[in-house]
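J.: I'll drop the sequence and a predicted model, then ask my questions.
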Amino acid sequence: MAIKHSNEKTAKMNIRTGDTVVVISGKSRDRATPRKVIGVIPKDGKLLVEGVNVVKDVRKASSANSESAIVEKTMPIDASNVALIDPKSGKATRVRLVKGADGKRQRVSVKSGEVIG
């Protein structure tokens, strides 16, 4: 049996790859614009969001045939800094898990009650 240390972070993620989110905390140029989630890292409680927290990475030439280049790379942000978009109103909302008629859990918008994804 694996021992879980107190400094390990395990987050319950209600956001999935492909969801549309809005950044609610961070740089002002990143906020208030709906963006798509391109990756989820549940172990760290982080997300990769399209066009948010983009850094430039310098790649040095490794051999005589290759060239050095500057590559833009999306870095993860904390999941607490984003909110899902309500499918009905288009505004930020929290998510509630509800058991559906078929017995499966569904994500439901707290504001409108609409099923998400």
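T.: Thanks, I have it.
J.: Domains in this protein, by residue range?
T.: With domains defined by automatic domain parsing, the chain comprises 1-85, 90-117.
J.: now the longest one: mean pLDDT?
T.: This predicted structure assigns domain 1-85 an average pLDDT of 85.
J.: Also the last one?
T.: Per-residue pLDDT over domain 90-117 has a mean of 89.
J.: one step back: what would the domains of the chain look like in TSV with mean neighbour count?
T.: Just so you know, the C-beta spots here come from the backbone N, C-alpha and C atoms, and that holds for glycine as well. Formatted as TSV, those follow (neighbours: other CB atoms under 10 Å):
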stretch	mean neighbour count
domain 1-85	13
domain 90-117	13
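J.: Helices of this protein, residue ranges please.
T.: Ranges of helices in the chain, per DSSP state H: none exist.
J.: And the residue nearest the centre of it?
T.: A centroid search over the chain (CA atoms, centre = their mean) returns residue 47, at 3.2 Å, as the residue closest to the centre.
J.: Who are the contact partners of that residue?
T.: Contact analysis of residue 47 by CB atoms under 8 Å, 6 or more residues apart in numbering lists 15, 21, 37, 39-41, 76-79, 82.
J.: can we see that at 10 Å?
T.: Counting by CB atoms under 10 Å, 6 or more residues apart in numbering, residue 47 makes contact with 13, 15-17, 19, 21, 23, 37-41, 53, 76-82.
J.: Then residue 93?
T.: By CB under 10 Å, 6+ apart, the neighbours of residue 93 are 22, 83-87, 108-112, 114, 116.
J.: can you tell me which of the residues you listed lies nearest to residue 61?
T.: Nearest to residue 61 among these: residue 22, at 39.7 Å, using CB to CB.
J.: Which residue, other than its chain neighbours, is closest to that closest one?
T.: residue 92 (5.1 Å; CB to CB, 6 or more residues apart in numbering).
J.: who's that neighbour bridged to?
T.: Here residue 92 sits in beta bridges with residue 85, as judged by DSSP bridges.
J.: Which residue ranges of the protein form strands?
T.: Assignment of strands within the chain using DSSP state E yields the ranges 20-23, 35-41, 46-49, 54-59, 69-74, 77-78, 82-85, 92-93, 95-99, 105-109, 115-116.
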